[in-house]
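Engineer: Next input, structure requested:
(2 chains)
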Amino acid sequence: MGGDFWCVFWWQGLNESLPSTEAVMFLKFSLRSVFYGAGGGNDIQWCFSQVKGAVDDDVAEADIISTVEFNHSGELLATGDKGGRVVIFQQEQENKTQSHSRGEYNVYSTFQSHEPEFDYLKSLEIEEKINKIRWLPQKNAAQFLLSTNDKTIKLWKISERDKRPEGYNLKEEDGRYRDPTTVTTLRVPVFRPMDLMVEASPRRIFANAHTYHINSISINSDYETYLSADDLRINLWHLEITDRSFNIVDIKPANMEELTEVITAAEFHPNSCSTFVYSSSKGTIRLCDMRASALCDRHSKLFEEPEDPSNRSFFSEIISSISDVKFSHSGRYMMTRDYLSVKIWDLNMENRPVETYQVHEYLRSKLCSLYENDCIFDKFECCWNGSDSIVMTGSYNNFFRMFDRSSKRDVTLEASRENNKPRTVLKPRKVCASGKRKKDEISVDSLDFNKKILHTAWHPKENIIAVATTNNLYIFQDKMN
Amino acid sequence: MGEEEGLHQTQFLDTMFVRGLKRKCFDGEEDIEGTLAGIKAIPSYNLQRQSLLDMSLVKLQLCHMLVEPNLCRSVLIANTVRQIQEEMTQDGTWQMINTQSTGQASLDRLVSTDILCRSSRDQAEGKHVPAYGTFNKDFESDQAQDSSETMSTAPSVQAPRNLQSNVWEMENPQENKGNFQKSLDQIFETLENKSPNSVEDLFSEVDNSYYDLDTMLTGMMSNTKMGHCDSLETFSSPSNTASNSNCKSDLNDLDHIVEILVES
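Structural biologist: Alright, predicted model coming up:
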């Protein structure tokens, strides 16, 4: 708040000829942000941009979005769904005339990545649901991504075709072969433009390496290898080699009856190609160095926060289970998401996080109900913005939360079809935990626990976010003045 | 289970679980007296700890037939159950506060939870697991000591039937369908042929560890051991299933399973 006022005076001092009305408007803007409590990053005002997906409330199971990921440039946005499909959106090139908004995302490619399978040995179905998508950095004209279901990882190549050769000697235009005896002259085929066609083809299939369900894939900073993690094991792959993978972590006990902890997420360090972390269902994060030994059963660092004895309950372990772990872009920090909070860890400090943000503390008194209806097992993801200054995660009732690390302000926003007009500024929401409910607040008991935002993604460079509700993808951007 | 009903029910529990403070032994005793006295606004800690235990066990038992159950969820629920067991062991409160009328129903619950609790606790302590007959006796003596116990002691001959039906319910979700046919044959065989001489004889050959939580978990995750099918051979059931609704539902389950087997 003080900062805003300071800016006004500075501006006036510098520019004597500044019209007084403009100065007043600037002042008004600051006051408005004070009263509305706009947080989340130096008063970013988030506006609705687009929504993708079916309008009707009847959600087809196959359309449920299960993962969202921007590519490294932010130009492409990929979603995976429960039906095994991948849909890629591409951002339009910025229109010079439309300076007040960034390019829209339109469908670029859709393909069926995974099909349902049946494991005959165990008489069990293998779901085709896409658990994760990770983009490779672009090296040539084509784009590459890894997509995985519970058991199999696939490397997809997405390439454009906008020209085709015409004028073959031995083939007609429709493909039929010409009778060689009718060929009297020779010509060189030429490339002629055609309508843009985007093709997706599977280049590698990495299968049969996981007994349990794959929950994470992460591409190494060497861009040659990647890891895949299931409940009990982590494997290291080379992108070129599909028939072999190295097991680097194995926490399966000799006697399965002694199993009390599983792996919930894993990620490579963004800069150090021998370092990775994995989180567990007991709320611990282990950092491992692959140079130490072939099998990284001994962690280099163990990150764990001691339990708060005053908050102890039968649900303490369940809510401490980490559902997502993400390194910051800088590589200095990592963020973990457990059921009620987001924690930021400094890699140099193992005994406690440096920052903790409560996502929906009002749910703490409802844990038994949430255990009963299984919501307590929901796995929320989290993400960093491009500059690592803001973190975002989802909640229930189609709410999502942003935490500004520097200003310590937070904001709750809602992804709903009510704010459908482009450039409508999202109004911050508030949940009333108990007692008197103020106007515009929502009470905890009226939250819709079926409307959960588990997957969110932030553009690597700009303030554009993609938020997935059950079967819709919302794209929001900051208000450009 | 109905989400709405569940939520209404558990809102009661939520009020007690707000802080989830661990209660000491003396608090537990007070609670027993409190619930006996009559209707209380907030359920006793013991009562809703038991309720939580029941809920957890039901959750573990209800598994999708076609898709592998979520291992993380199963492990977390199993850990919660173990936690409750440990606390109940420390409190010494093995007795169930039974507010329902039917002794048989309460015994069902007793069997389904206690056998599991007892076996895995003993395993944790490294003790030799006693035969079921011995366990039953222990329970009776505990009951005699605690004057506030309201649960009626059902005749022990009913217990084996319930145990079998409960074990079957547990075994159901975890077994591979490929193994179902064999175990079904075994069960039908034993139903025809054998008959118990006494409770002790019935269970003397049984390795109780098969019924405990950990094995249940194991079965869900990996290929089933053929071993536990052998344990079912020692079971038998007196022929009158009419009085035991559990057996009836089990037979329905069996039909359902046979249907699936035939289809696949």
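
Engineer: all contacts plus neighbour counts: C-alpha atoms, from now on.
Structural biologist: Noted.

Engineer: Dump stretch A:72-92 to PDB, restricted to CA.
Structural biologist: Output of stretch A:72-92 as PDB, limited to C-alpha atoms (Å, rounded to 0.1, in the frame of the first residue of the first chain):
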ATOM      1  CA  HIS A  72       9.000 -24.300 -22.800                       C
ATOM      2  CA  SER A  73       8.100 -21.300 -24.900                       C
ATOM      3  CA  GLY A  74       4.600 -21.100 -23.700                       C
ATOM      4  CA  GLU A  75       3.300 -21.100 -27.300                       C
ATOM      5  CA  LEU A  76       1.800 -24.600 -26.900                       C
ATOM      6  CA  LEU A  77      -0.500 -25.800 -24.100                       C
ATOM      7  CA  ALA A  78      -1.200 -29.500 -23.800                       C
ATOM      8  CA  THR A  79      -4.000 -31.300 -21.900                       C
ATOM      9  CA  GLY A  80      -4.500 -35.000 -21.300                       C
ATOM     10  CA  ASP A  81      -7.800 -36.500 -20.400                       C
ATOM     11  CA  LYS A  82      -9.200 -39.700 -18.800                       C
ATOM     12  CA  GLY A  83     -10.000 -41.000 -22.300                       C
ATOM     13  CA  GLY A  84      -6.400 -41.200 -23.200                       C
ATOM     14  CA  ARG A  85      -6.500 -38.200 -25.600                       C
ATOM     15  CA  VAL A  86      -4.000 -35.300 -25.800                       C
ATOM     16  CA  VAL A  87      -5.200 -32.000 -27.000                       C
ATOM     17  CA  ILE A  88      -2.600 -29.300 -27.900                       C
ATOM     18  CA  PHE A  89      -3.600 -25.600 -28.100                       C
ATOM     19  CA  GLN A  90      -1.400 -23.100 -29.900                       C
ATOM     20  CA  GLN A  91      -1.200 -19.400 -29.100                       C
ATOM     21  CA  GLU A  92      -2.000 -17.100 -32.000                       C
END
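
Engineer: Let me know the average pLDDT across that stretch.
Structural biologist: For stretch A:72-92, the mean pLDDT works out to 96.

Engineer: centre of the chain versus it, how much separation?
Structural biologist: 11 Å (Cα atoms, centre = their mean, to the nearest Å).

Engineer: Can you list the buried residues in that stretch?
Structural biologist: Of the residues in stretch A:72-92, A:72, A:74-91 count as buried by neighbour count, 16 or more other Cα atoms under 10 Å in any protein chain shown.

Engineer: and if you look at stretch A:231-244?
Structural biologist: Buried residues in stretch A:231-244, counted by 16+ other Cα under 10 Å: A:231-239, A:242.

Engineer: Next up, the contacts around the nearest residue to residue A:300 once chain neighbours are set aside.
Structural biologist: Excluding the flanking residues, the one nearest residue A:300 by Cα to Cα, 6 or more residues apart in numbering or on different chains is residue A:288, at 5.1 Å. Residue A:288 makes contacts with A:275-277, A:296, A:298-301, as judged by Cα atoms under 8 Å, 6 or more residues apart in numbering or on different chains.

Engineer: possible to save the residues you listed as TSV with secondary structure?
Structural biologist: Below are the contacts of residue A:288 laid out as TSV (DSSP: H, G, I helix; E, B strand; the rest coil):
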residue	secondary structure
A:275	strand
A:276	strand
A:277	strand
A:296	coil
A:298	coil
A:299	coil
A:300	coil
A:301	strand
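
Engineer: And for residue A:195, the neighbour number?
Structural biologist: Counted with other Cα atoms under 10 Å in any protein chain shown, the neighbours of residue A:195 add up to 9.

Engineer: Any residues of the stretch 51-200 of chain A in contact with chain B? List them.
Structural biologist: Selection of the stretch 51-200 of chain A residues close to chain B by Cα under 8 Å from any Cα of the partner chain yields A:122-127.

Engineer: I'd assumed residue B:83 was in a helix, is it?
Structural biologist: Yes: assigned with three-state DSSP, residue B:83 falls within a helix.

Engineer: Nearest spatial neighbour of it, chain-adjacent residues omitted?
Structural biologist: Nearest residue to residue B:83, sequence neighbours excluded (Cα to Cα, 6+ apart): residue A:314, at 7.1 Å.

Engineer: before we move on, what SS does the one you found have?
Structural biologist: Of the three states, residue A:314 takes coil under three-state DSSP.

Engineer: phi, psi of it?
Structural biologist: Phi and psi for residue A:314, reported as degrees, to the nearest 10, are phi -70, psi -20.

Engineer: Wait, it touches residue B:85, no?
Structural biologist: No: at 11.1 Å, residue A:314 does not count as touching residue B:85 under the criterion of Cα atoms under 8 Å.

Engineer: Tell me which of these two has more neighbours.
Structural biologist: With neighbours defined as other Cα under 10 Å, residue A:314 and residue B:85 compare such that residue B:85 has more, 24 against 20.
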